[in-house]
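[1] sequence plus the predicted model coming up.
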2 protein chains.
Amino acid sequence: MDLKLMQNKCHAVAGLMKHFSHPQRLLILCFLSDGEKSVNLIHEAVGLSQSQTSQFLRRMQAEGLLRVRREKNFSYYSIENEAVTKLLKSMQRIFC
Amino acid sequence: MDLKLMQNKCHAVAGLMKHFSHPQRLLILCFLSDGEKSVNLIHEAVGLSQSQTSQFLRRMQAEGLLRVRREKNFSYYSIENEAVTKLLKSMQRIFC
DNA sequence: TCTTGAATTTAGATTATTATAATAATATAA
DNA sequence: TTATATTATTATAATAATCTAAATTCAAGA
């Protein structure tokens, strides 16, 4: 592996990996990997409180990981970055 | 993506991802991905203090991520789990 | 034995993250 | 307007991770 390349990227990649390093947040990302979902659906699927689900989603959106679409009084979140989806799929292939 | 499968694994995988979510620790793993290295070599390569490098290596070894081989008064660390190497390579392919 | 280099351990302060509860905002429908 | 459902915000307590410095272990060589 090319260490030089990683030295440039390691902060960005590690920052991204932070979102993968919490069980329910990882689940959220997996859950979103096949398309956008509402906050309510997400919080029920992953078993986090509504509040914490909202907080996590908001933070991930603020950091460019997720996209949000508001319609009526629903918020639909989805994965912004194709690279993230790719990595999730790799992870699943390797560990599941 | 199969959420059920991930629900079983998410704690283990997230636990592993924790080690990827710190810039220098990620670098350590990348550095080790082509074979074992001494603590000294690692700490110089990634720019952490010798003490902290040792602490990180020890923790990753304790959690089954790394293997250690002692020879004279040197310790050589390497990646224990093939899945980790695979994921590192995927990550590199996607982000570098 | 004394010293040196390599690595580890310990302890403490600092900082970051997570969980929880309470409250607020917003849109819709009755 | 009132009620309800959905989402967001804020504050705080609890927990975990990181960094730093100092002390310790261990093996080898002078």
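    Yes, it's here.

[2] ok, and for stretch A:4-13, which residues are buried?
    Using 16 or more other C-beta atoms under 10 Å in any protein chain shown as the burial criterion, the residues of stretch A:4-13 that qualify are A:6-7, A:9-10, A:13. All C-beta spots, glycine's among them, are computed from the backbone N, C-alpha and C.

[3] quick one: it to chain centroid distance?
    20 Å (C-alpha atoms, centre = their mean, to the nearest Å).

[4] give me the contact list for that stretch.
    Outside of stretch A:4-13, the residues within contact range by C-beta atoms under 8 Å, 6 or more residues apart in numbering or on different chains are B:20, B:23-24, B:26-27, B:30, B:91-92, B:95-96.

[5] C-alpha coordinates for stretch A:17-36, CSV please?
    Only the C-alpha atoms of stretch A:17-36 are listed here, as CSV (Å, rounded to 0.1, in the frame of the first residue of the first chain):
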residue,chain,number,x,y,z
MET,A,17,-14.8,6.2,9.2
LYS,A,18,-16.0,7.8,12.5
HIS,A,19,-19.5,7.5,11.2
PHE,A,20,-19.0,3.8,10.6
SER,A,21,-17.7,3.2,14.1
HIS,A,22,-21.0,3.4,16.0
PRO,A,23,-23.2,0.3,15.7
GLN,A,24,-26.5,2.1,15.1
ARG,A,25,-25.0,4.7,12.9
LEU,A,26,-23.5,2.0,10.8
LEU,A,27,-26.9,0.4,10.6
ILE,A,28,-28.5,3.7,9.5
LEU,A,29,-26.0,3.9,6.7
CYS,A,30,-26.7,0.3,5.7
PHE,A,31,-30.4,0.9,5.9
LEU,A,32,-30.0,4.0,3.6
SER,A,33,-27.8,2.2,1.1
ASP,A,34,-30.8,1.2,-0.9
GLY,A,35,-32.5,4.6,-1.0
GLU,A,36,-33.8,7.4,1.0
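
[6] fine by me, thanks again.
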